[in-house]
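Asks: Need the 3D shape of this:
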Amino acid sequence: MIMEMQPLREVEKLALKKVKVFRQSLLRYILRAMLASMYIGFGVIVAFKTGNYFYMEHSPLTYPMAALTFGAAIILIAYGGGDLFTGNTFYYTYAALRKKLKWLEVTKLWISSYIGNILGAAVFAFLIFTTGLFEDSSVNGFLLNVVEKKMHVPTMELFFRAILCNWLVCLAFFIPMSLKGDGPKMFSMILFVFCFFISGYEHSIANMCTFAIALVVNHPGTISWAGVVHNLIPVTIGNLIGGGLLMAWMYYFVNKPFLDEYEQE
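Replies: Numbers count the residues shown, from 1 in each chain. Model (predicted):
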């Protein structure tokens, strides 16, 4: 039997578990989504704090070190719980293609997780603001430099970077499902996240967390709410296509002849 059959069954089960929470309590679902983006916030802080040491020295290791430490975020989400919009574009689309969910409910789930992710990013940014840890220009230089660049990338480039990003990030959750043991699972997750970060792809939820932190610290005029909107709209749509089309539909379509056969075993 094709090796991705078992992970695909896990994807379906996970989607239905998440839906159960949503149907029982919208508040609990939103709070789970807030947790996910706050966990990404922890990853953003450690990545940009680490990268900044190298950035201040104009070191070529700036991005690799930031990319390596950002892996903490995916471990927190995978093992600490939480509900991430980008992963949901894969899980819920696949469940809908398998006719286990209706598309209207899938849309509501996407919107709810996205709203929860935004709220979590805002709360986390406020908490970071209260610590004063990112106020000094000697600490926030790398973060502000990256945010400024992200806000001025052409729209179509953002869109295609976002497609590639969520394709890779969804694989970071999907591939470990076929591995045994927490060590190999965590290693593969960190490796995939390193690939997405170092490649310069665009992740809507990581971006909203990074932007929220940049906006609450002392920042230049080139970092603005207009820049947030310019980035997040094409990136969100691109992420949706990456997770929904290149992951969910692709795996559903190429495995369609085997899915029913596998279920009957």
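
Asks: for Met156, phi and psi?
Replies: phi -70, psi -30 (degrees, to the nearest 10).

Asks: Disregarding flanking residues, what is the spatial nearest neighbour of it?
Replies: Counting by Cβ to Cβ, 6 or more residues apart in numbering, Met156 lies nearest to Pro234, which is 7.5 Å off, once chain neighbours are set aside. Every residue, glycine included, has its C-beta placed from N, CA and C.

Asks: in what helix or strand does that neighbour lie?
Replies: Assigned by DSSP states H and E, Pro234 belongs to helix 225-241.

Asks: pLDDT averaged over whichever helix or strand comes after that helix, what's the number?
Replies: Following helix 225-241 in sequence order, the next helix or strand is helix 250-263 (DSSP H and E). Average pLDDT, helix 250-263: 79.

Asks: which residues touch Phe124?
Replies: Ser37, Met38, Gly41, Phe42, Cys209, Ala212, Ile213 (Cβ atoms under 8 Å, 6 or more residues apart in numbering).

Asks: please redo it, this time with the cut-off set to 6 Å
Replies: When contacts are counted by Cβ atoms under 6 Å, 6 or more residues apart in numbering, Phe124 touches Met38, Gly41.

Asks: Helix, strand, or coil at it?
Replies: With DSSP: H, G, I helix; E, B strand; the rest coil as the basis, Phe124 sits in helix.

Asks: For Met208, see how far away it is.
Replies: 10 Å (Cβ to Cβ, to the nearest Å).

Asks: Could you name every residue contacting both of these two?
Replies: Here Phe124 and Met208 share no contacting residue, scored by Cβ under 6 Å, 6+ apart.

Asks: what pLDDT does the residue nearest to Cys165 when sequence neighbours are not counted get?
Replies: Nearest non-adjacent residue to Cys165, counting by Cβ to Cβ, 6+ apart: Tyr201, 3.3 Å away. pLDDT, Tyr201: 96.

Asks: can you count the residues close to Tyr201?
Replies: 24 (other Cβ atoms under 10 Å).

Asks: still on that earlier bit, counting neighbours, which bits of the helix holding Pro234 end up buried?
Replies: Residues Gly227, Val228, His230, Asn231, Leu232, Pro234, Val235, Thr236, Gly238, Asn239, Leu240, Ile241 are the ones in helix 225-241 that count as buried (16 or more other Cβ atoms under 10 Å).

Asks: Quick one: residues in contact with stretch 149-157.
Replies: Gly227, Asn231, Pro234.

Asks: Please report how far the first one lies from Ala214.
Replies: What that stands for is Gly227. Taken as Cβ to Cβ, the span from Gly227 to Ala214 is 9 Å.

Asks: tell me the contacts of Phe54?
Replies: Leu61, Thr62, Met65.

Asks: Would you map the helices across the stretch 51-200 of the chain?
Replies: Secondary structure of the stretch 51-200 of the chain (DSSP state H, counting those that start in this stretch): helices at 62-69, 71-80, 85-97, 103-131, 137-150, 155-174, 182-199.

Asks: just so I know, which of the ones you listed lies nearest Gln6?
Replies: helix 155-174 (11.3 Å; Cβ to Cβ).

Asks: what mean pLDDT does that closest one have?
Replies: For helix 155-174, mean pLDDT is 97.

Asks: Okay, angle between that helix and helix 85-97 too, please.
Replies: Calculated by axes from the mean of the first three to the mean of the last three Cα atoms, to 10 degrees, helix 155-174 forms an angle of 70 degrees with helix 85-97.

Asks: Can you give me the neighbour number for Lys99?
Replies: Residues near Lys99, counting by other Cβ under 10 Å, number 7.

Asks: got the phi/psi numbers for it?
Replies: Dihedral angles (degrees, to the nearest 10) for Lys99: phi 60, psi 30.

Asks: Distance check, it against Asp136.
Replies: To Asp136, Lys99 is 54 Å away according to Cβ to Cβ.

Asks: what do you get for Asp83?
Replies: 34 Å.
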